[in-house]
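Colleague: Let's see this in three dimensions:
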Amino acid sequence: MSVDRRPVVGVVGHGYVVPRPFGELAVAGTTQAYVDAVSALGCRPLILPSRSAVELVDLVDALVLTGGGDIDPGLYGGDPALATEVDRGRDDHEIALVEAAAGAGVPLLGVCRGMQVLVVEYGGLLAPVAGHTRPQDGHDVVAADGSLVHDLLGPRSRTSALHHHAVVDPGRHWRPSAWADDGTVEAVEWPAADWPVLGIQWHPELAWSGDLDDRTGPSVFGWLRDAAAIRARRGAPRTLVRS
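Modeller: Predicted structure coming up:
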């Protein structure tokens, strides 16, 4: 009998509808690439339905907030006519999860929409941005000296681009740390040392997608793995007993 001591990373899923021969089936899940990314970097993935994620935080050593539809503009004073695929229930559940993760110091990676959730929760603002839906070509981002993104990726990196909203005001709690060449904020970091958290506007999980690619994936998810491992060593062990 052996014990698996790899860190557990909770990937926050969301609700969607799958057409079936008998009708539409409501499902809670996430894109396979996030699960593959967590597994590839030596952690155990655990998909958390967004509506239950807050009560499951104690099961994980780190969290991933995934991409998806637009955040309800009512949460930050934006124009509702410019948002698509809004799911206010998901917004509310993920905002509550961010608050819980911050309070408990759970390492968190916010990807695309996930970064926007981080910003909106702390009073930041979003707005539409043009020219950032380029899944094949992507674009470069430039990282600030001394930032976590700079440490992980260097001064300039080619990233994926799959968003039509962006951060226009990160609020007073977040420090922007990477930008596209047009000035769009592409990463935010928490200035204090009490919470390992990173928000990025691109999609590092595409490094494990069969159709698209993002070479930042191993470094970004490697950071999350290391943060999760530190938390696992300091806190209660996350163990799975195998016979």
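Colleague: how about the strands in the chain?
Modeller: Along the chain, counting by DSSP state E, strands occupy 2-4, 8-20, 23-29, 44-49, 62-65, 108-111, 125-128, 139-143, 156-159, 165-169, 175-180, 185-189, 197-200, 240-242.
Colleague: Of all these, which one comes closest to Leu82?
Modeller: Among those, strand 125-128 comes nearest to Leu82, with 5.1 Å by Cβ to Cβ. Every C-beta, even on glycine, is put in place using the N, C-alpha and C of the backbone.
Colleague: The closest one - contacts with which helices or strands?
Modeller: Judged by 3 or more Cβ pairs under 8 Å, 6 or more residues apart in numbering; DSSP states H and E, strand 125-128 is in contact with helix 113-121, strand 165-169.
Colleague: Give me the angle between the longest one and strand 8-20.
Modeller: By that I understand helix 113-121. For helix 113-121 against strand 8-20, the angle by axes from the mean of the first three to the mean of the last three Cα atoms, to 10 degrees is 110 degrees.
Colleague: would you put the C-alpha positions of helix 113-121 in CSV?
Modeller: What follows is helix 113-121, C-alpha atoms only, in CSV (Å, rounded to 0.1, in the frame of the first residue of the first chain):
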residue,chain,number,x,y,z
ARG,A,113,-11.6,35.3,-17.1
GLY,A,114,-10.1,34.1,-13.9
MET,A,115,-7.8,37.1,-13.8
GLN,A,116,-10.8,39.4,-14.4
VAL,A,117,-12.6,37.8,-11.5
LEU,A,118,-9.7,38.6,-9.3
VAL,A,119,-9.7,42.2,-10.4
VAL,A,120,-13.5,42.7,-10.2
GLU,A,121,-13.6,41.2,-6.7
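Colleague: For it, name the packing helices and strands.
Modeller: Against helix 113-121 (3+ Cβ pairs under 8 Å, 6+ apart) you get strand 62-65, helix 88-104, strand 108-111, strand 125-128, strand 165-169, strand 185-189, strand 197-200.
Colleague: swap the cut-off to 6 Å and go again
Modeller: Contacts defined by 3 or more Cβ pairs under 6 Å, 6 or more residues apart in numbering; DSSP states H and E place helix 113-121 against helix 88-104, strand 197-200.
Colleague: Check the last one too.
Modeller: Contacting strand 165-169 under the criterion 3+ Cβ pairs under 6 Å, 6+ apart are the following elements: strand 125-128.
Colleague: can you tell me which residues contact Ser177?
Modeller: Contacts for Ser177 (Cβ atoms under 6 Å, 6 or more residues apart in numbering) come out as 144, 147, 149, 187, 189.
Colleague: ok, now Met115?
Modeller: Under the criterion of Cβ under 6 Å, 6+ apart, the neighbours of Met115 are 199-201.
Colleague: how about a markdown table for these, with pLDDT and neighbour count added?
Modeller: Converted to a markdown table, the contacts of Met115 look like this (pLDDT from 0 to 100; neighbours: other Cβ atoms under 10 Å):
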| residue | pLDDT | neighbour count |
| --- | --- | --- |
| Gly199 | 98 | 27 |
| Ile200 | 98 | 25 |
| Gln201 | 97 | 31 |
